[in-house]
Each structure stands twice: as C-alpha cells, then as structure tokens.
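Visitor: Give me coordinates for this.
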Amino acid sequence: MPRTPSRRTALQGLAAAGAAVVGFDPFTRSWAAGDSGRPLARLPRLDGSVRTDDASLSAAADDFGHIVHRRPRAVLRPGSVRDIVAMVRFCDEHRLSVAPRGQGHGTQGQAQVDGGLVIETTPLASIGPVGRGSRSVTVGAGAKWSDVVKATLAHGLTPPTFTDYLELSVGGTLSVGGVGGQTHQQGAQVDNVLELQVVTGAGDLVRCSPTEHRDLFLAVLAGLGQCAIIVGATLRLVPAPRTVRHYLLPYTDLRTFLDDQRRLVQEGRFDYVEGQVNPDADGVFNGYVIEAVAYGPPVGPAPDDRALLRGLRHDRAGVQTADLAYYDFLDRLAASVAALKEAGLWAFAHPWLNLWLPGRSAATLTASLLEDLTPADLGPGVVLLYPVLRKNLRTPLLRASDDPVPYLLAVLRTTPPDDTTTVDRLLAANRAAYEKVHAAGGTHYPVGSVPFGPADWREHFGPEWRRLATARHTYDPRGVLVPGQNVF
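Guide: As a prediction, the model looks like this:
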C-alpha cells in the first residue's frame, strides 16, 4: 500500500527551550524513543504545530467524564491531514502511543494517552459541497454534527440519524456507533457512511468503503479507533422536514411503557422514538415518558394526532405536544446544556452507564437496575430508555443485543468530581449492572464508564473479534493507536 503523501523529516531548527507552541525542540528534548532513553532526532515538517505547554497537556488529560486523567507528552494541532500522516508515522517508528481527540466527550479516558501524542481533530472541520444528486456530503472528522446539519439543511437535506447532543464530532461518534431516536428506522450513524478517509496506525492515508478496502472500512466504523484514525467521512443524506410535531406521552407502568414503545418502532408511526424514566417525589424511578416525533412536509403529511396516538395507553391528561422547526428539535438540548455550564455542572464527573438490553427481558432488567438508583446518585442527569430494531443496525462492530428489539438504557449520572469515593462506587455499580445485563444476553454501548479489559472486549465483540484483531494486525501492527480503550 503506497504511503501518501511522502515523508518529510527535514530539520526545522531549534525553538527556544520551553516555548508553548513548537515546531521542534521542546518536544524532542523531552521525549525519549522507546526504552532506549535516547532523545528523538527530529520531527517532521508540519503545517500545524506540536504543543507541549501545560495548558494543552492538561486539557488533553481530561474529558467529559472527569474521572480518568492520562497526561500525554505532546498535542498535535494539525494544519492538514498531511500532519496527521507524518506524526502517526513518526510515532509508529518510535513506538509512541497516539489517540485522536474530537470534542473530548469521552467519559472514561478513551481518547487519552499516557506519555504519548494526542491529535486534535477539531481543525479538520471542513464541510464539502452537498451533492443533491447523490444525496451525500464529505466532511472532516472534526466537524460537529450541528454544523453538518446546518450546511445540509440549506439544500433541504439532512443526515438520517443524530445523537441527542449535536456538539459532537463526526469522527468521534463514528468510532463508537452514534445512536438516537431515529435509529429504529434509519440505523445508527455508522450505518449511514458511504466512504471514509483514514490514517492507519502505520501512517498510511487510505480511502475505504463497502467496495474498496472493505476490511478496513468495517473495522473502523464502531471500531474504537483501534485500526485507523478517521480524518474524513462521506455521509448519506435524506430529505429533511421543515417542521416536526413533538410529543411527550406520560406513563405510570413500566411494562405498558415498554410495550407501547415496541409497538411504535415496529409499526414505524414516528420518525423519532425515545423515552425517559423519572423519579417521583419519594425518589423512586417509576415515572415514564415516551418522546416521539413525527416529521412534517416535505418528508410526510401534516401530523395527525388521532392516527399517531391511536391505541396507545399513556395518560392522556398529561400529554404535551409542540410544533417545532426541524433544527430547533434537533438542537433542543442547547438551552439545558448552557444552563449546566453556567451552573458549573458540566465540569462534574459523568460516570455514565450505557447498556443494550434484550427486549424480551427489558422490563425485568430495568426494574432491577433502577431499584437502587437514587436522585442523588443521578444528580442533574437523566435516564433514557428506548428501543431500536436490530435489523437496522448493520455495522458489524456495533454490538447490540441479538434480540429483534433491543432497548438502550442510558443512566447519565452527574456527580462532583472531587468525591472520588462516590465516583468509585458508581463505577463499581456500572460494572455490576453490565454483568447482570451481559448474563441476560445484553451488551455494553461503549460511550459510558464501565471498567473493561481485553478479555471483556474479546467477549463483547464475539464473532466479530477476529475481524477487528486481523485488521489491527494489518493496519496498526505495532499497536500504537488509542490505548485508552484498553482493547488489546
């Protein structure tokens, strides 16, 4: 496989010792090659910069979880994809660990590197022209989904599936899956990728797709960054509605809530279906709400309340409906996030739990898992619970339960980061919850904080483990990529 572009390793000269933004000297003086202790001779010529200042390293040693802190030796702010190619080759040659970082929304140090190189992908934020004929758009890995959809809406088009929070990077969500309320119909975000541009662990720039380098394509999507760094993606687009009708349907019985959700996704009445579990005044989590959205013209007819809600068993007195512009619906969390940031709660620890429950035992498992949950342990977080159709999850490495209608349970906790005793207790509770769900045929959705080791990952990927391990050996033979996932 040819290396493109060619390696450029010319000496750039020495920068002042201790400079914050460096082209060369402070990084090479402080970083030893492998176990030899010899200083590295030179860095490649770069369009961007390598940073070794305390602020950059401290930022890269933290994430949204605020639980794990691994400090890198340097941070690359690339000026081009060429920079990533050059620095990955450099790190591969010297056996230095590398991890890409988008918006830093990991919760368990997944994109952190102890003593290695963190590559910021945020400069790779380009959004190419929208192809109306092909209904696709090519974007940089650092582009945020909010910016992508703003660009595509100008052409009446939209990506089919979104996570609830739009300010995540394309490369980040494609590395884990990317699921949300549209997934029951449209699949996950990884199921709607036409082509990827990646840099392998050996430093090769490769385009891959279902027909070209298919093995790499399937190993990168939901592959946790173990074989290559996503630098660009071509995304499928579909016609976008101008407005939507948003419903909140309250329930008091768990099984009725789950059964009605199942009915909605199997019948395809709504374009978006999610659900929440809320505590009552005594702190017991026994209130349930279906969140459902019907798209209006030009995607579908004007929503008909009677037809959409026919046969459902919710509390009719508590129904809330609203007609929203499509983007306002997608970005509906913006005000809440701003309030959390204003209150300082965004900087709290987030020991999240994200599990795929088999539909056949979703009620029993949910009741058991939420029995000991308290509002204090949840904090200003939420509990999400909603089904998808397994047949629409087509990416091999996105490992949901094999049940035809698995449910995603997300306990999105928020707790003070300096209360390490509570954080450790909640991490242990997450592991215990995973064990219970796994024994029932469920799986882990790897955006949360469940302590996992290589043996767990081998079991997690199951029949797809060989695919991932083979691709790892082929495309990252020295194993330099993304050690924070603890897969290999």
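
Visitor: which regions of the stretch 1-150 of the chain lie under the pLDDT threshold?
Guide: 1-41, 131-132 (pLDDT under 70).

Visitor: can you do 50?
Guide: 1-26, 28-41 (pLDDT under 50).

Visitor: Kindly report the same for the stretch 251-400 of the chain.
Guide: Using pLDDT under 50, nothing in the stretch 251-400 of the chain is flagged.

Visitor: just the strands in it please.
Guide: 272-279, 285-295, 320-325, 353-357, 382-387 (DSSP state E, counting those that start in this stretch).

Visitor: Dump those into TSV; add mean neighbour count as well.
Guide: From N, CA and C alone the C-beta is placed, and that goes for glycine too. Conversion of those to TSV gives the following (neighbours: other Cβ atoms under 10 Å):
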stretch	mean neighbour count
strand 272-279	21
strand 285-295	22
strand 320-325	13
strand 353-357	26
strand 382-387	22
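
Visitor: Out of these, which is closest to residue 466?
Guide: strand 353-357 (21.3 Å; Cβ to Cβ).

Visitor: Okay, helices next: where are they in the stretch 251-400 of the chain?
Guide: Shown for the stretch 251-400 of the chain, the helices assigned by DSSP state H, counting those that start in this stretch span residues 254-267, 305-309, 326-330, 334-342, 362-370, 375-378.

Visitor: out of these, nearest to residue 184?
Guide: helix 254-267 (4.0 Å).

Visitor: Where does the spatially most central residue of the chain fall, secondary structure wise?
Guide: In the chain, the residue lying closest to the centroid (Cα atoms, centre = their mean) is residue 173, at 3.3 Å. Residue 173 belongs to helix 170-176 when assigned by DSSP states H and E.

Visitor: Check which helices and strands that helix sits against.
Guide: helix 145-153, strand 228-236 (3 or more Cβ pairs under 8 Å, 6 or more residues apart in numbering; DSSP states H and E).

Visitor: in the helix or strand residue 206 falls within, what's buried?
Guide: Using DSSP H and E, residue 206 sits within strand 205-208. Neighbour-count burial for strand 205-208 flags 205, 206, 208 (criterion: 16 or more other Cβ atoms under 10 Å).

Visitor: between those, which is closest to residue 456?
Guide: The closest of those, once distances to residue 456 are taken by Cβ to Cβ, is residue 208, at 27.3 Å.

Visitor: Who's the closest spatial neighbour of the closest one, skipping the chain neighbours?
Guide: residue 217 (4.0 Å; Cβ to Cβ, 6 or more residues apart in numbering).

Visitor: Contacts only, for the one you found.
Guide: 195, 196, 208, 209, 210 (Cβ atoms under 8 Å, 6 or more residues apart in numbering).

Visitor: tell me the mean pLDDT for the helix or strand hosting it?
Guide: Following DSSP H and E, one finds residue 217 within helix 214-220. The pLDDT scores in helix 214-220 average 98.

Visitor: Kindly export that helix (C-alpha atoms) in PDB.
Guide: What follows is helix 214-220, C-alpha atoms only, in PDB (Å, rounded to 0.1, in the frame of the first residue of the first chain):
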ATOM      1  CA  ARG A 214     -13.800  -3.100   2.800                       C
ATOM      2  CA  ASP A 215     -12.000  -4.900   5.700                       C
ATOM      3  CA  LEU A 216     -10.600  -1.600   6.900                       C
ATOM      4  CA  PHE A 217     -13.900   0.200   6.400                       C
ATOM      5  CA  LEU A 218     -15.800  -2.300   8.600                       C
ATOM      6  CA  ALA A 219     -13.000  -2.300  11.200                       C
ATOM      7  CA  VAL A 220     -13.100   1.500  11.600                       C
END
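
Visitor: hmm, back to that, with distance to residue 428 added, can I get the strands of the stretch 251-400 of the chain in JSON lines?
Guide: Formatted as JSON lines, the strands of the stretch 251-400 of the chain follow (distance: least, Cβ to Cβ, whole Å):
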{"stretch": "strand 272-279", "distance to residue 428": "22"}
{"stretch": "strand 285-295", "distance to residue 428": "20"}
{"stretch": "strand 320-325", "distance to residue 428": "37"}
{"stretch": "strand 353-357", "distance to residue 428": "11"}
{"stretch": "strand 382-387", "distance to residue 428": "19"}
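
Visitor: Compare those and give me the one nearest residue 239.
Guide: strand 285-295 (9.2 Å).

Visitor: strand partners of the closest one, parallel vs antiparallel please.
Guide: Strand 285-295 has the following sheet partners, assigned by DSSP bridges: strand 243-251 (antiparallel), strand 272-279 (antiparallel).

Visitor: Can I get the ones you listed in JSON lines including distance to residue 128?
Guide: Formatted as JSON lines, the strands paired with strand 285-295 follow (distance: least, Cβ to Cβ, whole Å):
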{"stretch": "strand 243-251", "distance to residue 128": "27"}
{"stretch": "strand 272-279", "distance to residue 128": "27"}
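
Visitor: Can you say which of the ones you listed is nearest to residue 455?
Guide: Using Cβ to Cβ, these put strand 272-279 closest to residue 455, at 31.5 Å.

Visitor: contact partners of that closest one?
Guide: Residues contacting strand 272-279 (Cβ under 8 Å, 6+ apart): 164, 180-182, 184, 244, 257, 261, 264-265, 285-293, 366, 370, 375, 378, 382-387.

Visitor: Any chance of the helices of the stretch 251-400 of the chain in a markdown table with distance to residue 432 as columns?
Guide: Shown next, in a markdown table, are the helices of the stretch 251-400 of the chain (distance: least, Cβ to Cβ, whole Å):
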| stretch | distance to residue 432 |
| --- | --- |
| helix 254-267 | 21 |
| helix 305-309 | 38 |
| helix 326-330 | 35 |
| helix 334-342 | 28 |
| helix 362-370 | 9 |
| helix 375-378 | 14 |
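
Visitor: any idea of the mean pLDDT for the helix holding residue 173?
Guide: The model assigns helix 170-176 a mean pLDDT of 98.

Visitor: if we can go back for a sec, where's the residue nearest to residue 208 relative to residue 178, distance?
Guide: As judged by Cβ to Cβ, to the nearest Å, residue 217 and residue 178 stand 16 Å apart.
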